[in-house]
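Asker: pasting the sequence and the predicted coordinates here, then a few questions.
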Amino acid sequence: MRTVRLHDTLSGRIAELTPARGRRVRIYACGPTVYGRIHVGNARPYVVFSQLRRFLLAEGYDVTLVANVTDINDKIYAAAAAAGRRSDELAREMTAAYRADTDALGLGRPDHEPLASETIPGIIELIERLIAREHAYVADGDVYFAVRSYPRYGELSHRDVDQMDQGEGTEGARRKRDPRDFALWKAHKVNEDTRWEAPWGAGRPGWHIECSAMAEELLGLDFEIHGGGSDLIFPHHENEAAQTRAGRGERLTRLWMHNGMVRLRAEKMSKSIGNVFGLDETLERYGAETLLTYFSGAHWRQPIDFDDERLEAARGRAAGIREAGRGLVDGPSPEWSAPLRDRFLDALAEDFNTPRALAAVNEWTRRSNRAIASAAGGGVGADDLRAMLDVLGLASLLEVAVPEVPEAAIALRDAREQARRDRDYAAADRLRDELRTMGWEVRDGPQGPELRSAV
RNA sequence: GGCGACGUGGCGGAGUGGCUACGCAGCGGCCUGCAAAGCCGUCUACACCGGUUCGAUUCCGGUCGUCGCCUCCA
């Protein structure tokens, strides 16, 4: 079990992961707000934290990953109203779509995926606590967190409260004691079709409080890692940290991880800008292996541009690994493998450096290709490579589906072989072209010609 | 304006005070009837200006540029 180091937003440094108890690592990662299908940008934290979970499990840690879904939100009300539907129905449908889309990544599911709508009692309890401690106040059925009551406010996002602009300048602004205060609870409005009863009146929770409540309910306090996109540092995570610590007197988490944004033409991919690519359509177009290779090729904290050139490069890279895998046999890997496997895991232990880990994979396949080409002794065992790829969710690259070759293709292949034996290479090449138009590629090897699906 | 991050070879992208990252593409070679795949080699990179140092792409300061957050956002 390696010591794992990760970059922590609060301290701004790479910090050692220090589990509170033994090998238990509790992770809370903020998921999407479900008012539409999720896009590639939403997929990045899902990928990062799922891969991190797989790595920690492989290292022998006892991991619990919680990834929430925000299913109560202004945008959901708005989207439902625009579609003439019930908001809870839309949220339910989009939650299912989110699960289906992320399932297709093949990384497994988080251990818990709580919904705001199912955490109302915990949310109300925490708000009551904040009011009792005078960190929050009721105003016309709304409840606000009093930023000024919490001296640490701003520490996560490294901001000085006095230098901040107004804060949300919406309808609630007049009810706030300080413009920077934020809503814990919003009183019910006539155009909202869901509502929950609370001691200070019916309404619904604010955005930030749900995560404090869900995290505490499932993981307790002072848990090991809290994560999400870097756009959540402020105000979302700043507010979460403030609520929990103000209410409980204990910190929410030990380490904050924030992944970089996915960008389109050097601009953040965002639903509000409208420059989004759906995860479903992207997976359809490139497949999970290419998308995971694409993400893994850049460090999780760096922004990453989304464009065809990069996706195609990732596709080629994944294909190279798959190609190498075809030459392997089941079983333990040769002695040269262990140092590369260690390099792979060491890279991940040092701020979860997937690009370096992937480099180790590529060196591994170069070694195995070379070994196989020189034909020295029996086959090269795939075990270590499979273990490495499995951490990243890419083990499927080694599952070579043997495709059903149609009779017609076999006939063409045999005809081409005959032509080659007759040294009629013009005819042989013509037959190869014909096969290609059918979607089959011929590869002449030591064991004779092999037909490969040309995808 | 404030806070944070970044600027590496054709493209992408790690990393390091002196030693091959890696991938994609190109080029040359090996293999092949020709290919494909693979292997070998090659393309001698670190925005700019100063400073520290025996030595900086790597540390410090400044300049220019890019991005994120400061309002809902993974």
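Answerer: Received it, and whenever you're ready, just let me know what you need.
Asker: where does pLDDT dip in the stretch 301-450 of chain A?
Answerer: Counting by pLDDT under 70, the stretch 301-450 of chain A has low-confidence residues at A:376-377.
Asker: buried set for stretch A:433-450?
Answerer: By 16 or more other Cβ atoms under 10 Å, the buried positions in stretch A:433-450 come out as A:435, A:440, A:442. Using the backbone N, CA and C atoms, a C-beta is placed for each residue, glycine as well.
Asker: format the CA atom coordinates belonging to that stretch as PDB.
Answerer: Extracted in PDB, the C-alpha atoms of stretch A:433-450 (Å, rounded to 0.1, in the frame of the first residue of the first chain):
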ATOM      1  CA  ASP A 433      -9.300  -3.600 -51.800                       C
ATOM      2  CA  GLU A 434     -12.500  -5.400 -52.200                       C
ATOM      3  CA  LEU A 435     -12.200  -6.800 -48.700                       C
ATOM      4  CA  ARG A 436     -11.500  -3.400 -47.400                       C
ATOM      5  CA  THR A 437     -14.700  -2.000 -48.900                       C
ATOM      6  CA  MET A 438     -16.500  -4.800 -47.000                       C
ATOM      7  CA  GLY A 439     -14.900  -3.600 -43.800                       C
ATOM      8  CA  TRP A 440     -12.100  -6.200 -43.500                       C
ATOM      9  CA  GLU A 441      -8.500  -5.600 -43.400                       C
ATOM     10  CA  VAL A 442      -5.900  -8.200 -44.300                       C
ATOM     11  CA  ARG A 443      -2.800  -8.500 -42.300                       C
ATOM     12  CA  ASP A 444      -0.200 -11.000 -43.500                       C
ATOM     13  CA  GLY A 445       1.600 -12.600 -40.600                       C
ATOM     14  CA  PRO A 446       3.800 -15.600 -40.000                       C
ATOM     15  CA  GLN A 447       0.700 -17.800 -39.600                       C
ATOM     16  CA  GLY A 448      -0.700 -16.600 -42.900                       C
ATOM     17  CA  PRO A 449      -3.300 -13.900 -43.600                       C
ATOM     18  CA  GLU A 450      -5.500 -12.700 -40.900                       C
END
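Asker: now that stretch: how far from the chain's centre is it?
Answerer: With Cα atoms, centre = their mean, to the nearest Å as the basis, stretch A:433-450 stands 38 Å off its chain's centre.
Asker: now stretch A:265-281
Answerer: Centre-to-centre, stretch A:265-281 and its host chain are 15 Å apart (Cα atoms, centre = their mean).
Asker: again, but for stretch A:404-417
Answerer: How far stretch A:404-417 lies from its chain's middle: 43 Å, per Cα atoms, centre = their mean.
Asker: tell me the buried residues in that stretch?
Answerer: For stretch A:404-417, burial by neighbour count (16+ other Cβ under 10 Å) applies to A:409, A:412-413, A:415-417.
Asker: give me the number of residues near the residue in the stretch 151-300 of chain A positioned nearest to RNA strand B?
Answerer: RNA strand B sits closest to A:G229 of the stretch 151-300 of chain A, with a gap of 2.4 Å, by Cβ to the nearest atom of the strand. As a burial measure, A:G229 scores 22 neighbours (other Cβ atoms under 10 Å).
Asker: restrict the buried residues of stretch A:433-450 to contacts with RNA strand B.
Answerer: Contacts with RNA strand B within these, counted by Cβ under 7 Å from any atom of the strand: A:V442.
Asker: among the buried residues of stretch A:433-450, which are in strands?
Answerer: Taking DSSP state E, the ones among those that sit in strands are A:440, A:442.
Asker: of all the buried residues of stretch A:433-450, which comes closest to A:T290?
Answerer: Distance to A:T290 across the buried residues of stretch A:433-450 (Cβ to Cβ) is lowest for A:W440, with 21.7 Å.
Asker: hang on, that closest one packs against A:P449?
Answerer: No: under the criterion of Cβ atoms under 8 Å, A:W440 is not in contact with A:P449, lying 10.5 Å apart.
Asker: anything in contact with each of the two?
Answerer: Common neighbours of A:W440 and A:P449 (criterion: Cβ atoms under 8 Å, 6 or more residues apart in numbering): A:R413.
Asker: does any bit of the longest helix belonging to chain A sit next to RNA strand B?
Answerer: The single longest helix within chain A, with elements called by DSSP state H, is helix A:354-374. Yes: residues of helix A:354-374 contacting RNA strand B under Cβ under 7 Å from any atom of the strand: A:355-356, A:358-359, A:362-363, A:365-366, A:369-370, A:373.
Asker: likewise stretch A:27-42?
Answerer: Yes: using Cβ under 7 Å from any atom of the strand, stretch A:27-42 reaches RNA strand B at A:30-33, A:41-42.
Asker: that older thread, what's the ChimeraX syntax to select whichever of the residues of helix A:354-374 next to RNA strand B are buried?
Answerer: The buried subset of the residues of helix A:354-374 next to RNA strand B, as determined by 16+ other Cβ under 10 Å, is captured in ChimeraX by this line:
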select /A:356,358,359,365,369
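Asker: which of the residues of helix A:354-374 next to RNA strand B lies closest to A:D330?
Answerer: A:D330 has its nearest neighbour among these in A:T365, at 16.5 Å by Cβ to Cβ.
Asker: from RNA strand B, how far off is A:R326?
Answerer: According to Cβ to the nearest atom of the strand, to the nearest Å, A:R326 and RNA strand B sit 8 Å apart.
Asker: ok, A:D342 next?
Answerer: A:D342 sits at a distance of 14 Å from RNA strand B (criterion: Cβ to the nearest atom of the strand).
Asker: check which helix or strand that residue maps to.
Answerer: helix A:337-349 (DSSP states H and E).
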